[in-house]
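In: I would like the atomic coordinates for the input below:
(2 chains)
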Amino acid sequence: MSHRKKFALTATLIIIAVYWMLFPVRVEIQTPRLGIPVIARAGEHIRPVIKTSVPFYYPSLRWRLDDGDNQYTLQAGSSHSGLSNKTITLKLPENIRPGAYSLLAESGKDTVIAQRKTVHIIDSVPEDFSLVQLADLPTLGGDESGDALLQQIIREINIINPNVVLFTGDIAYGGSWDQYRRLTEAMAMVDAPVIAVAGNHEYEGWAGYLHYFTKAYHAVDFGRYKFISLNSGHSRDQMTQSQFQWLREQFQHLQGKIPIVQIHHPLHHKEGQHGYVHVNADKLVALFKQYHVPIVLSGHWHGDMVFDERGEERHDTWDFPGTPYVATTTAGADLREAYSASPLHHGYRLIRLKNAKLVSYTYDYDGDGQRDAAASIPVGKLNVTYHADDTVSIHNDLNEYLPNAKVTLRVADVKTAFQPTHGKVVRHWRRNGEQLVDILVDLPPNSTTTIGLEASAQESGE
Amino acid sequence: MNKSADEKTMLNHLLYFQFPFMYLLALVMGLVVYGSDFDGITGWLYLAPLLLLTILHRRLWAMRLTMASGNATTLVSAIGIVVGIWVYTPLHMNYWDEHSLNQAVGMAILGVCSYLLSVVGAVKINNQSTSCPHCAIAALAIIGALWWPAVYYPMIVVLFLVIVFIIAAIWSRPLISAALVSASAEKSKDTFAVDVIARYAVFILAIDISSVIWDFQVNTEWALYVSISFMAAAVGNYLKSSCRSGRAEQTVYALALVNFMIAVVWPPYLLWIAHAALAGIALGYLLPNAMSQSDSPTHSIWSMGWTVWFFMGLAMSNAWYANLQWAATRLVLLLPFVLLAIGYIIFRSAAIKHQH
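Out: Below is the predicted model of the structure:
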């Protein structure tokens, strides 16, 4: 065979092989994702990152936000392109309503790349800021008891109505793709923005985790707060140099924001305990002290424990100077007595801040009127009963006052003006043709509140 | 270009190097960064062919002339091309799936093809009647360039393996004669000790060069550093071919060890580019020493010996990174060099005394 023929054959085969592998062109939205959302106000810019299967090729995309009820077209501004990544600047409409939106990118006639509930539009960041943190989730799939437990937790979280929800690792035990699918289905039921990070169990199905969440560690801005999610699941519960350097850069560019940190493995531990950050923990603690981190949230131990920044476990009080290092019990995995300073229970943690100062992060488990030093909120004590007469009862069996709890009611007669019997209507929306309203109501501890809609004197504006 | 000149081409070096520097490195990276399932069959499927090839190496080595024939090379390349495409297509824009049986079987077959073609490359390099230093330089530079796009598509090296196999299938020529192989088999037996030291240095350098992968993990910036290391290896290889003094070699050893030591004592995040480049230069410079026994039947178990050392370096490096609290103990690896240096100094001073 002549050299010319060999060249022709080589080139042809290489082109066929490359074409086979890289085409057809695929586009993915890398960020935002469910678990790494964008939280912004109307009129602000968001910067999604897309990745394409063919280097240097970026199809023209039309961008939309969709909350299932309303759709908004986004104007694309400047973009920054790499070999396979492109960051696009999109301007949010001035008239967009607050809520959770799916980000859609359309290319051509029928290609829609959607990331569900990844863009959260907010009016403002309230002075009274609340977040719920959960870790070590129940195992999904199988007999589906874990799925049911997770749905119960999510129903409770939606009633509590926090500003943000943190999933602090070990979110899918076993690591099958089906578990991640079930998990993301459940996460999409959370009304608030969800910020997720990996734990050690995510490494049992790392491809599945990366497929859905794309990043091992990340930061999400929320008004005056910056939520920093760190990955300690790497191999043996530790933090690598490059991640530590990234963290330091995040702190150096806070621009006045308050950093709140979640990391699956606790930084401090008691003698004899296993499963904590071995390497760089001291440097992390020093960094958190330097930048006045209000709280560091962890899981992993399947029990509640709180340490102060000197590494002393606190049994006396939850309110002490410096950063509390908080390990929260498991949301649905096995419970471990040796690692829990509170009675064993499945639960989640409710954290409240006022003007960026930590107000509370523990629960009065024994009902003595004082918050415990470490306890989190037990699952199953917050329930809703929908009645046939379109009223709803919220049973708050917790020893916790829940201001601005949220409940959704169906509007039976849309033509008649109405008002709730308790609380205030904050949102009108539609689902499957039904008119719904979100009502905010304050729930006293150990109470049942029944809410209905009653005709008001005013004409309905809807 | 005549046949004998054709044999000198860079292709043989590329064939030789693709197994350790592309396949093995990509495999270990995939298993470590994206996961391995040794509770199931898939994890073992990745390693089984490597273990099998080690056991069968002596038999395979005896068959090296058959393997280096044009038809066998074309057949192995063709299998590698088909399997490589099968493996890589679902990996593009997606993630290495530790539970995927298809992926494990594909990578295992690809590994065997890669290894066999590497042996073919080694045989042909040793069969060259004249040396071709620049061929190794070009091959290392190309491998460096091929790692760079992994910043964007981390497993894309598998696609590049397919391209190397396509080129091998079409351009590879059969050996001229067995006589040359026999002749070259006897060369450089007396340098065994020097080669062992060089291989140990390759082991250290494999630890050093790959550390950045285990640190960055799914942040694929590590590919940039790996790319720099192999491009720098081309530079090191060039220096070796143009500067052969013993003092230069000692300097490179010292440079490699100090570079390694700095990385252990003070993980040089900010210096990683310089660090990767220095480690690469040392690797490129010392490779010819490590490779010099590669066609000796008397050392057939070691014939791909430096590759084994390179692989062990990757594995050890990851083991250390999985236990960062013991990272400083890596310094113990420098002990043989320290003892060697002390021995050398004692020997020198004794020799000087004897002269006086």
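In: so where is the stretch 351-462 of chain A shaky, pLDDT-wise?
Out: Counting by pLDDT under 70, the ranges of the stretch 351-462 of chain A that qualify are A:414, A:457-462.
In: Okay, helices next: where are they in it?
Out: Counting by DSSP state H, counting those that start in this stretch, no segments of the stretch 351-462 of chain A form helices.
In: How many residues are close by the residue in it that chain B sits nearest to?
Out: Residue of the stretch 351-462 of chain A nearest chain B, by C-beta to the nearest C-beta: A:A374 (27.1 Å). Every C-beta, even on glycine, is put in place using the N, C-alpha and C of the backbone. By the criterion of other C-beta atoms under 10 Å in any protein chain shown, A:A374 has 27 neighbours.
In: Test my guess that it contacts A:T317.
Out: No - with contacts counted by C-beta atoms under 8 Å, A:A374 stays clear of A:T317, the gap being 10.3 Å.
In: is stretch B:212-225 up against chain A anywhere?
Out: Yes - interface with chain A: stretch B:212-225 contributes B:W214, B:D215, B:F216, B:Q217, B:V218, B:N219, B:E221 (C-beta under 8 Å from any C-beta of the partner chain).
In: So which residue is dead centre in chain A?
Out: Taking C-alpha atoms, centre = their mean, the centroid of chain A lies closest to A:V194, which sits 1.5 Å from it.
In: so how far is A:R33 from that residue?
Out: Distance of A:V194 to A:R33, given as C-beta to C-beta, to the nearest Å: 10 Å.
In: Backbone dihedrals for the residue of the stretch 351-462 of chain A closest to chain B, please?
Out: Main-chain torsions, A:A374, degrees, to the nearest 10: phi -140, psi -20.
In: Moving C-terminal from the lengthiest helix in chain A, which element do we reach first?
Out: The single longest helix within chain A, with elements called by DSSP state H, is helix A:3-22. Proceeding N to C from helix A:3-22, the next assigned helix or strand is strand A:27-31, under DSSP states H and E.
In: other SSEs contacting that following strand?
Out: When contacts are defined as 3 or more C-beta pairs under 8 Å, 6 or more residues apart in numbering or on different chains; DSSP states H and E, strand A:27-31 sits against strand A:49-52, strand A:99-107, strand A:111-122.
In: closest to chain B out of those strands?
Out: Between these, strand A:49-52 lies closest to chain B; by C-beta to the nearest C-beta that is 6.8 Å.
In: now what about the closest one, what contacts it?
Out: A:25-31, A:58-59, A:61, A:84-88, A:105, A:113, B:93, B:152 (C-beta atoms under 8 Å, 6 or more residues apart in numbering or on different chains).
In: ok, 10 Å please
Out: Contact partners of strand A:49-52, identified using C-beta atoms under 10 Å, 6 or more residues apart in numbering or on different chains, comprise A:22, A:25-32, A:58-59, A:61, A:79-88, A:105, A:107, A:113, A:214, B:93, B:152-153.
In: Now do the shared contacts for A:A374 and A:T317.
Out: Shared contacts of A:A374 and A:T317, counting by C-beta under 10 Å, 6+ apart, come down to A:V306, A:T362.
In: Strand partners (parallel or antiparallel) of the host helix or strand of A:W63?
Out: Using DSSP H and E, A:W63 sits in strand A:62-66. If you go by DSSP bridges, strand A:62-66 pairs up with strand A:71-81 (antiparallel), strand A:99-107 (antiparallel).
In: Redo those as CSV? Include mean pLDDT.
Out: Output for the strands paired with strand A:62-66, formatted as CSV (pLDDT from 0 to 100):
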stretch, mean pLDDT
strand A:71-81, 87
strand A:99-107, 92
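In: Check those strands for me and report the most buried one.
Out: strand A:99-107 (a mean of 21; mean count of other C-beta atoms under 10 Å in any protein chain shown).
In: so how far is that one off the chain centroid?
Out: Strand A:99-107 sits 17 Å away from the centroid of its parent chain (C-alpha atoms, centre = their mean, to the nearest Å).
In: sorry, back to before: touching both of A:V194 and A:R33, which residues are there?
Out: A:K117, A:T118, A:T184.
In: least trustworthy position among those residues, going by pLDDT?
Out: Here the lowest pLDDT out of these sits on A:K117, with 92.
In: ok, the residue nearest to A:A333 when sequence neighbours are not counted to A:V54 distance?
Out: Nearest non-adjacent residue to A:A333, counting by C-beta to C-beta, 6 or more residues apart in numbering or on different chains: A:D136, 4.6 Å away. Applying C-beta to C-beta, the value for A:D136 to A:V54 is 40 Å.
In: rewinding a little: between the strands paired with strand A:62-66, which one is nearest to B:V158?
Out: Taking C-beta to C-beta, strand A:71-81 is the member of the strands paired with strand A:62-66 nearest to B:V158, at 25.1 Å.
In: residues contacting the closest residue to B:D97 other than its chain neighbours?
Out: Excluding the flanking residues, the one nearest B:D97 by C-beta to C-beta, 6+ apart is A:A207, at 4.2 Å. Contacts here follow C-beta under 10 Å, 6+ apart; on that basis A:A207 touches A:175, A:177, A:180, B:34-35, B:91, B:94-100, B:103.
In: Including neighbour count and secondary structure, could the residues you listed go into CSV?
Out: CSV is the format used below for these (neighbours: other C-beta atoms under 10 Å in any protein chain shown; DSSP: H, G, I helix; E, B strand; the rest coil):
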residue, neighbour count, secondary structure
A:G175, 20, coil
A:W177, 16, helix
A:Y180, 23, helix
B:Y34, 20, helix
B:G35, 24, coil
B:L91, 24, helix
B:N94, 16, coil
B:Y95, 21, coil
B:W96, 24, coil
B:D97, 24, coil
B:E98, 25, coil
B:H99, 19, coil
B:S100, 17, coil
B:Q103, 23, helix
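In: Pull out the buried residues from stretch B:57-72.
Out: B:H57, B:L60, B:W61, B:R64, B:M67, B:A68, B:S69, B:A72 (16 or more other C-beta atoms under 10 Å in any protein chain shown).
In: Skip the chain neighbours and tell me the closest residue to the second one.
Out: Okay, so that is B:L60. Here the residue nearest B:L60, using C-beta to C-beta, 6+ apart, is B:V119, at 6.6 Å.
In: Do you know the pLDDT at residue 180?
Out: Since no chain was named, I'll use chain A. Looking at A:Y180, the pLDDT reads 94.
In: looking at chain B here, not the other one
Out: pLDDT at B:L180 comes out at 48.
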